[in-house]
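*Asks:* Provide a 3D model corresponding to the input given below.
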Amino acid sequence: MVQINPLGRNWGPLVNWDGLGKIYAGLIISWTVILYSGIAWLVAHRHHPYLKMRNIPLAVAATTFLHVYLVKIMLAYTTNGHFLCSAEFWIMSIYLPFGIALFQANQVQLLNISTQQRKLLDGDRVSIQEPPRARGPWSRRRGLTALKQTYVFIGIGMLLQVVVTAAIYGTNRKLQGHWGKIPFAQGQAACRKGLEWIPSAFWQMFWSCMYGPYLLYQVRNVRDAHLWRLQTILCVISGFPGSPLWLAAVFSPKFKPINKYFVPPMWLAPGIIVMQACTIFFPIYSTYRSTQLSKTTLSTLQSWEDRTQWTADSTTFGSRSTHTHTHSTTTIHQKPSFRTEKSQYQDNEMYEMTISALDNAIATNPLPLLQFAATKDFTAENILFLIQVRDWKISCTASTPPTPHSRALLFHKAVEIYAQSVNEKLAIFPINIEGGIRSRLDAIFEPAVKRLRESNGEMSDPYNEITPFAGGEGEMPLSPMTPGSPGSPLKSNWPLPSTPKSEFSHAATEDEGDDGKKVDDIPGDFDEKVFDAAEKSIKYLVVTNTWRKMISEMKESLRTSHESS
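*Replies:* You can find the predicted model right below:
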C-alpha cells in the first residue's frame, strides 16, 4: 500500500519522500530517459532527408527548455517548498516561455515547408543571379522569408520576456526575499501567489489560445504523409487546458485540497509531455515508416528476382544436365545481395521495370507524381530534378554534334540545374545525394556559380516555365501530358539561339584568369553524363519511397471508392 503524507505539500521542514513523492520522482526520471533516448536517436540520424526538413536542433532546444521546467514542477510536491521562490520564479518566467517560444518556431516549420513546396509546384524558383539586395533595416526585413520573419518576431518576444521578468523581480520584495535591502524572506506559500506570476504563463496561453489555432487554420489543407499535421493538432489541443487550470488552482480556494498533492503548475505538465512526445517521437516514427517502406520495396524486388531465377533454373534443370543446373545455381549465389549497396539493384529486372515506369511517368504525365511529392511527401525537388535532367539530356541530344556555342549554352543550363537543385547554399530544397557525388558536382559547377553571381549581367531562368497545377485540392490528373505542351511542368528542351547570351558562350575560346594565364570557362570533365550519378541516386529514393507511397495511396483511394459504391 502506498503511504502518503496526510499533510501533503505543507511547506514543512521535511521533504515529502512518501509513496506519492517517489511516484513523481520515478515518473520524471523514466520520462527523462525515454525522451533523451529519442533525442539521441534524432541527433544520430539528423542527416536523414525526412529529418533534415524538421529543424532538429530547434526541436531539441525547445524540448530541453520545456523539460527543465517540467522537472521542477514534477518534483514540487517531493521538495515540499525546499526550493527558493525566486529561483522558481526565474524558471517559470524564462524556461517555460523560452520553451514555448522555440516550440512555436519549430511548429512553423510545417507551414514553411508546405508553402515552399507549393511554390516549387507553381514554378516559383529563383535564378542564381539574384538582384542586388536593398540596404537598410526595413528593406532587409522585407527581404526575409516568412519563416525567418517569424523567427525574428519570436526572438524579439523572448528578449522582451527577459526584460519584463527582470523588471518584475527587481521591483517585487516577495521575490527578492533576503536579497537586497529586505531583512527577511517572505513565506514560501505567500511568495508563490500574486499577479507577478501571470506574465510567466503568457507564452503558454498565447500558444494554446491564439497562435496554435491560427497555425491549425493555416495548415488546414495540408495532408502530408509524415503525420506532421496530426502532430501539430495534438500539440495545440493538449495545451488548451493547462493555463486556465493553473490560474484557477493558484487563485481559487476550491483547489486548495487538490493543491496539497497536485501542485498548481502540474496542470501544465500533461500538455508539456504531449508537446515533447510529438516533437521527438513523431519524426522518429515517420523516419522508421519511411525506412520500412524502402525495405519492403527492396524485399519485393528481391523476391520477384528470386522467383524469376527459380523458374529459369527449373526449366534449365528439366532440359539440361545436372552440371548445367549446378552452374546456374552458383551464378545465383554469386549475385550481390539486395540489402547491401543500392547500386547493386541496378541489375534487378523488376527494379529496371519500375525505373522505366518512373521514366515514362516523367516523360508523359509528371504532374500526378509532382503534386503528390509537393503536397504530401514534401520531396518535389527530387521530381523537378529528374525532369530538369531529362529535358537537359534531350537538349544534349538535339545539339549533337556539339558546337562551341551549344556546349556553352548546355553548360549554362547545367549550372542552373546545379544551383537550383544541388547546391546546399542556393537551392531552397537541395536534393539528398551522396557526399561524393555532391563533391564532384561542386567541383565542376561551383566556380561558375560564383562568377555568375558576381557578374552584373542577366541570366534567364528556364525553370520558371513550370505551370501551376490547375486541379482542385487533392485532385491528381491522370490524362497523358507530354513535356512542352500547355500545363507541362517543364519545357522538353531549350532553343539554341543563334547569338550568344551568356558569358559562357565564348567557352570555345580562352579567357584571362586572375593569374594572367589562359583558362577555359567550361571544365574539361563536363559532359552529357555529368548528372548521371545524381540522377540514379534520386531515382532510387523516388522509387523506394515517393513512388511507392503514391501508388499505395491511389490503390487505397480506389479501394475506398469501390467499397463506398
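
*Asks:* and the helices in the stretch 101-250 of the chain, which stretches?
*Replies:* 137-143, 146-170, 173-176, 188-191, 202-206, 212-218, 228-239, 242-251 (DSSP state H, counting those that start in this stretch).

*Asks:* lowest-confidence stretch among those?
*Replies:* Across the helices of the stretch 101-250 of the chain, helix 137-143 has the smallest mean pLDDT, namely a mean of 49.

*Asks:* pull the number of nearby residues for the closest residue to Thr379 other than its chain neighbours.
*Replies:* In space, and not counting its chain neighbours, Thr379 is closest to Ala373: 4.7 Å by C-beta to C-beta, 6 or more residues apart in numbering. The way it works is simple: take the backbone N, C-alpha and C, and place the C-beta from them, glycine included. Close neighbours of Ala373, defined as other C-beta atoms under 10 Å, add up to 27.

*Asks:* low-confidence ranges, the stretch 51-200 of the chain, go.
*Replies:* 124-146, 177-188 (pLDDT under 70).

*Asks:* try 50
*Replies:* Scanning the stretch 51-200 of the chain with the threshold set as pLDDT under 50 gives 127-135, 138-141, 143, 178-186.

*Asks:* on that earlier part again, so the residue nearest to Thr379 touches Phe385, yeah?
*Replies:* No - in this structure, Ala373 is not within contact of Phe385 by C-beta atoms under 8 Å, at 10.9 Å.

*Asks:* read off the pLDDT value for Glu465.
*Replies:* In this model, Glu465 carries a pLDDT of 36.

*Asks:* if we can go back for a sec, tell me which of the helices of the stretch 101-250 of the chain lies nearest to Thr546.
*Replies:* Closest approach to Thr546 among the helices of the stretch 101-250 of the chain (C-beta to C-beta): helix 228-239, 15.8 Å.

*Asks:* which elements pack onto that closest one?
*Replies:* Judged by 3 or more C-beta pairs under 8 Å, 6 or more residues apart in numbering; DSSP states H and E, helix 228-239 is in contact with helix 96-122, helix 212-218, helix 269-319.

*Asks:* how about the ones you listed in TSV, adding mean neighbour count and distance to Ser399?
*Replies:* Formatted as TSV, the helices and strands packed on helix 228-239 follow (neighbours: other C-beta atoms under 10 Å; distance: least, C-beta to C-beta, whole Å):
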stretch	mean neighbour count	distance to Ser399
helix 96-122	22	28
helix 212-218	15	46
helix 269-319	16	36
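
*Asks:* compare the ones you listed and give me the one nearest Ile23.
*Replies:* Nearest of the helices and strands packed on helix 228-239 to Ile23, taken as C-beta to C-beta: helix 269-319 at 13.2 Å.

*Asks:* what mean pLDDT does that closest one get?
*Replies:* If you average the pLDDT over helix 269-319, you get 76.

*Asks:* and Trp228, what does it touch?
*Replies:* Arg54, Leu110, Val222, Phe282, Ser286 (C-beta atoms under 8 Å, 6 or more residues apart in numbering).

*Asks:* what is the burial count for the closest residue to the fourth one other than its chain neighbours?
*Replies:* Yep, that's Phe282 we're talking about. Excluding the flanking residues, the one nearest Phe282 by C-beta to C-beta, 6+ apart is Gln231, at 4.3 Å. Residues lying near Gln231 (other C-beta under 10 Å) number 24.

*Asks:* got the contact list for Gln231?
*Replies:* With contact taken as C-beta under 8 Å, 6+ apart, Gln231 is in contact with Cys278, Thr279, Phe282.

*Asks:* turn these into JSON lines, including distance to Ile538.
*Replies:* Shown next, in JSON lines, are these (distance: C-beta to C-beta, whole Å):
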{"residue": "Cys278", "distance to Ile538": "30"}
{"residue": "Thr279", "distance to Ile538": "29"}
{"residue": "Phe282", "distance to Ile538": "26"}
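
*Asks:* closest one to Lys425 out of these, please.
*Replies:* Proximity of the contacts of Gln231 to Lys425 (C-beta to C-beta) peaks at Thr279, which lies at 27.6 Å.

*Asks:* contacting residues for the closest one?
*Replies:* Shown in contact with Thr279 (C-beta under 8 Å, 6+ apart): Ala59, Ala62, Thr63, Phe103, Asn106, Gln231, Cys235.

*Asks:* cool, Leu441 as well?
*Replies:* Residues in contact with Leu441, defined by C-beta under 8 Å, 6+ apart, are Tyr418, Val422, Val530, Phe531, Ala534.

*Asks:* for whichever strand or helix holds Gly26, name the packing helices and strands.
*Replies:* Here Gly26 sits within helix 19-44, counting by DSSP states H and E. On a contact count with 3+ C-beta pairs under 8 Å, 6+ apart, helix 19-44 meets helix 56-74, helix 76-79, helix 269-319.

*Asks:* now those in a markdown table, with distance to Gln204?
*Replies:* Listed next are the helices and strands packed on helix 19-44 as a markdown table, based on distance: least, C-beta to C-beta, whole Å:
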| stretch | distance to Gln204 |
| --- | --- |
| helix 56-74 | 10 |
| helix 76-79 | 17 |
| helix 269-319 | 8 |
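
*Asks:* list the contacts for the residue lying closest to Met205 once chain neighbours are set aside?
*Replies:* In this structure, Met205 finds its nearest non-sequential neighbour in Ser243, 4.4 Å apart by C-beta to C-beta, 6+ apart. Ser243 makes contact with Ala201, Gln204, Met205, Ser208, Cys209, Leu268, according to C-beta under 8 Å, 6+ apart.

*Asks:* from Ile100, how far off is Ser243?
*Replies:* With distances taken as C-beta to C-beta, to the nearest Å, Ser243 is found 10 Å from Ile100.

*Asks:* for Phe240, same thing?
*Replies:* For Phe240, the distance to Ile100 - C-beta to C-beta - is 14 Å.

*Asks:* domain parsing for this protein?
*Replies:* 19-121+146-178+186-292, 299-334, 344-469+476-564 (automatic domain parsing).

*Asks:* including distance to Pro6, could those domains go into CSV?
*Replies:* Converted to CSV, the domains of the chain look like this (distance: least, C-beta to C-beta, whole Å):
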stretch, distance to Pro6
domain 19-121+146-178+186-292, 9
domain 299-334, 61
domain 344-469+476-564, 55
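
*Asks:* start to end distance for stretch 216-228?
*Replies:* This stretch, stretch 216-228, spans 11 Å end to end (C-alpha to C-alpha, to the nearest Å).

*Asks:* circling back to that earlier point, most widely separated two among the contacts of Ser243?
*Replies:* Cys209 and Leu268 (13.8 Å).

*Asks:* who has more neighbours, these two?
*Replies:* Taking neighbours as other C-beta under 10 Å, Cys209 and Leu268 compare with Leu268 leading, 24 against 14.

*Asks:* residues touching the more buried one, list them.
*Replies:* Leu268 touches Ile73, Leu96, Ala201, Gln204, Gly242, Ser243, Trp246, counting by C-beta under 8 Å, 6+ apart.

*Asks:* please apply the same query to Asn432.
*Replies:* By C-beta under 8 Å, 6+ apart, Asn432 lies in contact with Pro49, Lys52, Asn382, Ile538, Leu541.

*Asks:* which of these lies closest to Phe526?
*Replies:* Among the contacts of Asn432, and counting by C-beta to C-beta, the member closest to Phe526 is Ile538, at 19.6 Å.

*Asks:* mind checking pLDDT for that closest one?
*Replies:* pLDDT, read off for Ile538, is 93.

*Asks:* quick one: it and Leu247, what's the gap?
*Replies:* For Ile538, the distance to Leu247 - C-beta to C-beta - is 53 Å.

*Asks:* SS state for Val15?
*Replies:* The assignment at Val15 comes out as coil when based on DSSP: H, G, I helix; E, B strand; the rest coil.

*Asks:* give me the number of residues near it?
*Replies:* Look at Val15: counted by other C-beta under 10 Å, it has 15 neighbours.

*Asks:* excluding chain neighbours, what is closest to it?
*Replies:* Nearest residue to Val15 in three dimensions, chain neighbours excluded: Asn80, at 5.1 Å (C-beta to C-beta, 6+ apart).

*Asks:* fine by me, thanks again.
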